[in-house]
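1. pasted the sequence and its predicted model underneath.
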Amino acid sequence: MRTLKLLIIIVLLNGCANNNYNNFSINYSKVNWEEQPDYSQLKNWAAHPLKSDPSDSLPRSIAKNYQPKQLVDVFFIHPTTYLDPLMPNGWSASLKDFNLNLKTDLSTILNQASIFNEVGSVYAPRYRQAHIKSYYPENRVDTLNALAAFELAYQDVKKSFEYYLKNDNHTKPIIIASHSQGSTHAKRLLKEYFDGKELSKKLVAAYIVGMAIDPAEFDNLKACSTPTETGCICAWRTYKEGYIPPFVQIEKFKSIVTNPLTWDSNQPSASSLSNEGAVLYNFNKIIPKVAGAINHEGVLWTPYPKFFGNFLYKTSNYHIADFNFYYLSVRKNARDRTLQYINQLENKTN
């Protein structure tokens, strides 16, 4: 856990210090904040096509070849960034918290949401996220508070998605992407709006990363089994090869695991040699061959990752790097699935 916290700090500090990625404006000081999110106001979106934000950024080495296609919309639900052990706003984050919003923008929006900016406009709502402690309640009262916090967070996500559908989508195909707590809410969103629903026809794919997904959780949505399959779910949780966390050992189902290097259920293993690029400490730097990918009993394993300073990385839980280890691979796969979806759509209309 200590090493995991250290890596979080390193990622955040480098994000804040790095001023070479695309320019974006963050001005929280002049807005009239309200706690109930009104998603007609851009201040309540961490990423939105009508504002300049970190999701528009790219590592320098790939920016020169950037050819945005803007064929789909990407609805991204960010992970937990409300980590303060003092819980200054209780069990639910405040939308007025300038430092928390800045941390969200310069960490997950920059390092994760930006993966998808080649294929579409990124929409990422701010929401009253549950505190990290909500995943580790210590008693009955904590449990009740945690459940209430998760429900409040989901209602914000739901409200933002409904606003997006009504006002911004305009019949475009959709990618749902999320990490960690974001995936907790994304699973509910998929169940409520896509699973067996008319809207599923617009789903390019769902990248629901960092959380267990029971294959039986959905009636119609299935795990993606090929690199260009559409209307399906991609999911993985990353750990050091040989390690299975205690909570995974007692799970009563085998979670969906998509290999983020092969994307093929018939190729469950790939070495780090096939990994074209990760994004770690410095957002501008693409590092190849950092991590492999091995599907194993409901989790994704990688041999010890290879990067400068990895001797500090002692943890066996690579949760924070679920997307970062496979940055270029996910980016390319989102493009491939989007193009496949567009081709299928055109074939149906011809």
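-> That came through fine.
2. part of a helix, is N347?
-> Yes - looking at N347 with DSSP: H, G, I helix; E, B strand; the rest coil, it is inside a helix.
3. residues contacting it?
-> Not one residue lies near N347 by C-beta atoms under 8 Å, 6 or more residues apart in numbering. Heads up, the C-betas are built off the backbone N, CA and C, glycines and all.
4. now swap in T81 and tell me
-> So T81 contacts A93, L100, K103, T104, S107, T108, Q129 (C-beta under 8 Å, 6+ apart).
5. mind checking how far the closest residue to E276 other than its chain neighbours is from D73?
-> Closest residue in space to E276, ignoring its immediate chain neighbours: L328 at 4.6 Å, by C-beta to C-beta, 6 or more residues apart in numbering. Distance of L328 to D73, computed by C-beta to C-beta, to the nearest Å: 22 Å.
6. which one of these two has more residues nearby?
-> Just comparing L328 and D73: by other C-beta atoms under 10 Å the higher neighbour count belongs to D73, 24 against 19.
7. surely the more buried one meets A124?
-> No - the criterion here is C-beta atoms under 8 Å, and D73 misses it with A124 at 11.3 Å.
8. in the protein, which helix or strand is least confident?
-> Within the chain, no helix or strand scores below helix 2-17, which has a mean of 37 by mean pLDDT, DSSP states H and E.
9. the helix or strand that comes right after it pairs with which strands?
-> Moving toward the C-terminus from helix 2-17, the next helix or strand (DSSP states H and E) is strand 45-47. Paired with strand 45-47 in the same sheet, following DSSP bridges, are strand 120-125 (antiparallel).
10. which of the residues in whatever helix or strand comes next after the partner strand are buried?
-> Sequence-wise, the next helix or strand downstream of strand 120-125 (DSSP H and E) is helix 140-167. For helix 140-167, a neighbour-count test (16 or more other C-beta atoms under 10 Å) marks 145-146, 149-150, 152-154, 156-161, 163-165 as buried.
11. please apply the same query to stretch 259-269.
-> Quick answer for stretch 259-269 (16+ other C-beta under 10 Å): N259, P260, L261, T262, W263.
12. how about the helices in the stretch 201-350 of the chain?
-> Using DSSP state H, counting those that start in this stretch, the helices of the stretch 201-350 of the chain run over 246-249, 327-349.
13. among those helices, which comes closest to S52?
-> helix 327-349 (20.2 Å; C-beta to C-beta).
14. who are the contact partners of I132?
-> Neighbour list for I132: T80, Y82, L83 [criterion: C-beta under 8 Å, 6+ apart].
15. most neighbours out of those residues, which is it?
-> Y82 (25 neighbours).
16. so who does that residue touch?
-> Y82 neighbours (C-beta under 8 Å, 6+ apart): N89, A93, L100, Q129, A130, H131, I132.
17. was I right about the fifth one contacting Q181?
-> This means A130. Yes - between A130 and Q181 there is a contact under C-beta under 8 Å: 6.4 Å.
18. what residues do these two have in common as contacts?
-> T80, A153.
19. run a quick neighbour tally on V248.
-> Neighbourhood size, V248 [other C-beta under 10 Å]: 16.
20. could you check the distance from it over to L300?
-> For V248, the distance to L300 - C-beta to C-beta - is 11 Å.
21. pLDDT score for S114?
-> pLDDT recorded at S114 is 97.
22. so it versus I62, what's the distance?
-> With C-beta to C-beta as the criterion, S114 and I62 are 10 Å apart.
23. more neighbours, the two?
-> S114 (27 against 16).
24. contact partners for V72?
-> V119, G120, K172, P173, I174, I175, V204, T338, Y341 are the contacts of V72 under C-beta under 8 Å, 6+ apart.
25. of those residues, keep whichever come out buried.
-> V119, G120, P173, I174, I175, V204, T338, Y341.
26. below-threshold pLDDT in the chain: ranges please.
-> Residue ranges of the chain with pLDDT under 70: 1-34, 350.
27. strands of the stretch 201-350 of the chain, residue ranges please.
-> In the stretch 201-350 of the chain, the strands defined using DSSP state E, counting those that start in this stretch lie at 203-209, 232-234, 238-240, 269-270, 278-279, 286-287, 293-296, 299-302.
28. I'm done for today, thanks for sticking with me.
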